[in-house]
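**Q** what follows is a predicted structure for the sequence shown.
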Amino acid sequence: MGIGITHYVILSAILFCFGLFAIITRKNAVLVLMGVELVLNSANINFLAFARFNQINIEGHIAAIFVIMLAAIEVAVALAIVLNIYQNYKHINVDEIDSLKD
Amino acid sequence: MFVEIAFWFFAILIVGSALVVVLSRNMIYAVFALLFTFFGVAGIYVILNADFLAVTQIMIYIGGILVLLIFGIMLTSNITGVDIRSGQTGKIQMFLAGLLTILSMVSLIYIAVTTKWKVSSTSPTEVNTTIDAIGKELLTNYLLAFESASVLLLIAIIGAALIARRK
């Protein structure tokens, strides 16, 4: 049995759901960010799988490049915010951070 | 035959290490499992004839994002103390989140299996590398997006440095 598009879509669905679970249940902000990375990776697998099964359509690769770039930007800015929160609260539990200003 | 073995190897690697990322109580274990997840995804890219994306995945995700995440954990955890573990989620919330996750996973897999995906019937043309095509496409059809991406990166660097700096 060959590997078809369905295998890749199912793999990416599983990865997406793990990322969703991490985003919902994790309290630590860095672990929530790791969940977001899992979700973005699953989207990239879908892009490249559909590109591959349509004569290596290069537009899927371009979309994946922009997704990777946005992931890098998002992590850099989010970690800067997390470090700032840590200086003010001495923890980064996302459910206990409830004020915009002290 | 080789593709099948490679696919199942990387798929099991991805799913197993993603489980550790999601469920591990120890943040260091979670971040190292994320390393294996990213490697597995890069392997899947290689199987999908995306050589440039696989190298980009390793360089940006493992060389950049993962190191940044490890820095974030090290700077925001009390490494010498016992407080390296993240906060515990309540039982009911955990149950509801697990239920939601399993429901969405089942429905997504059902959709993936039953949908007739639009794929080209012929096998893909043999290409040695995708770098030529990606470069041509980026500098012709996607030139505006490419240039605005560089501006966005600059803004993100300045913004991150401004936010994270000590008062």
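**A** Yes, it's here.

**Q** does the least confident helix or strand in chain B by mean pLDDT reach chain A?
**A** Of all regular secondary-structure elements in chain B, judged by mean pLDDT, DSSP states H and E, the least confident is helix B:66-76 with a mean of 88. Yes - counting by CB under 8 Å from any CB of the partner chain, chain A has neighbours in helix B:66-76: B:68-69, B:71-73, B:75-76. Backbone N, C-alpha and C define where each C-beta goes, glycine included.

**Q** does the one helix or strand B:Ala97 maps to reach chain A?
**A** Taking DSSP states H and E as the criterion, the element that holds B:Ala97 is helix B:91-114. Yes - using CB under 8 Å from any CB, we find that helix B:91-114 touches chain A at B:93-94, B:97-98, B:100-102, B:104-105, B:108-109, B:112-113.

**Q** write the PyMOL selection for whichever of the residues you listed are buried.
**A** Provided next is the PyMOL selection string for whichever of the residues of helix B:91-114 next to chain A are buried by 16 or more other CB atoms under 10 Å in any protein chain shown:
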select buried, chain B and resi 97+101+105+108+109+112
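
**Q** report the contact partners of residue 66.
**A** No chain in the question, so chain A it is. Residues near A:Phe66 by CB atoms under 8 Å, 6 or more residues apart in numbering or on different chains: B:145, B:149.

**Q** wrong one, I was asking about chain B
**A** Under the criterion of CB under 8 Å, 6+ apart, the neighbours of B:Leu66 are B:31, B:34-35, B:38.

**Q** keep only those residues that also lie close to chain A.
**A** Filtered for proximity to chain A (CB under 8 Å from any CB), the contacts of B:Leu66 shrink to B:31, B:34, B:38.

**Q** so A:Leu20 sits against A:Gly35, correct?
**A** Yes - between A:Leu20 and A:Gly35 there is a contact under CB atoms under 8 Å: 7.2 Å.

**Q** can you give me how far the longest helix along chain A is from the chain middle?
**A** If each helix of chain A is counted by residues according to DSSP state H, the longest one is helix A:58-89. Distance of helix A:58-89 from its chain centroid, counting by CA atoms, centre = their mean, to the nearest Å, is 9 Å.

**Q** got the angle between that helix and helix B:66-76?
**A** When axes from the mean of the first three to the mean of the last three CA atoms, to 10 degrees is applied, the directions of helix A:58-89 and helix B:66-76 differ by 10 degrees.

**Q** which stretches in chain B count as helices?
**A** In order along the chain, chain B carries the following helices (DSSP H): B:2-23, B:27-47, B:51-56, B:66-76, B:91-114, B:131-139, B:143-164.

**Q** pick the most buried one from these.
**A** Across those, averaging neighbours per residue (mean count of other CB atoms under 10 Å in any protein chain shown) puts helix B:27-47 on top, at a mean of 21.

**Q** any idea how far B:Val55 is from chain A?
**A** B:Val55 sits 11 Å away from chain A, going by CB to the nearest CB, to the nearest Å.

**Q** once you drop chain neighbours, what's closest to that residue?
**A** With CB to CB, 6 or more residues apart in numbering or on different chains as the criterion, B:Val55 has its nearest non-adjacent residue at 8.0 Å, and that residue is B:Ala42.

**Q** quick one, what contacts the one you found?
**A** Here B:Ala42 is in contact with B:54-55, B:57-58, B:61 (criterion: CB under 8 Å, 6+ apart).

**Q** before we move on, back to that, now tell me what touches the helix holding B:Ala97 from outside.
**A** Identification of contacts with helix B:91-114 by CB under 8 Å, 6+ apart yields A:6, A:9-10, A:13-14, A:16-18, A:20-21, A:24-25, B:89.
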